[in-house]
Structure formats: structure tokens, C-alpha cells
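Engineer: Attaching a predicted model along with its sequence, questions to come.
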Amino acid sequence: MWQLDGLAPKTFQSSEGVTRGFCPDCGTPLFYRNTKFPNETHFYAALLDDPDKVEPREHYHAAEALAWLKLNDGLPHK
């Protein structure tokens, strides 16, 4: 388990099969896990030191996107 300034993140089961992690000091959201995707942990891009250095190669779970979100950047959808 990774740590933030020596503190392990706190977790909260927000719904059936969903765990959210957050900073135990300030409450900042850190990650999302869902038992529907057992080998995945979703992190917020805002946590990255330089998010522009990470370039997406595809969109996962695009079928779950809100109706108003248009993913038209040419990347494949999974």
C-alpha cells in the first residue's frame, strides 16, 4: 500500500462493490476501485505531477460515459 506523507489513504465503500480512497488529512479524492473491474485502480489525473506527460492510448468504459460527453479524438473505445 502506498502512503502520503507517511499516512496510508483512507477508504470508503460508497456503494456495492465500489471503494473510494482519499487523503486522511485533507479528504482529497485519490482513487476509485470497482469489483466489476477487478484488476484496475482508477486515479485522478490531477494527482499527477505533470499530467501532460501521460498521453492516453484508448478510452476504457466509454459506453458508461454521460450522454453529453463526446469522445471524438480518434482514440479507440473499449
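Structural biologist: Sure, I can see it. Residues are numbered from 1 along each chain as shown.
Engineer: So which helix or strand of this protein has the lowest pLDDT on average?
Structural biologist: strand 42-43 (a mean of 90; mean pLDDT, DSSP states H and E).
Engineer: Could you tell me how far that strand lies from the centre of the chain?
Structural biologist: The chain centroid and the centroid of strand 42-43 are separated by 2 Å under C-alpha atoms, centre = their mean, to the nearest Å.
Engineer: Describe which strands that strand pairs with in its sheet and in which direction.
Structural biologist: strand 29-34 (antiparallel) (DSSP bridges).
Engineer: does Pro51 really touch Tyr44, like I thought?
Structural biologist: No: taking contacts as C-beta atoms under 8 Å, Pro51 lies outside contact range of Tyr44: 9.5 Å. C-beta coordinates here come from the backbone N, C-alpha and C atoms, glycine included.
Engineer: Just list whatever residues bridge to the residue nearest the centre of the chain.
Structural biologist: Closest residue to the average C-alpha location of the chain: His42 at 2.6 Å, with C-alpha atoms, centre = their mean. Beta-bridge partners recorded for His42 (DSSP bridges): Tyr32.
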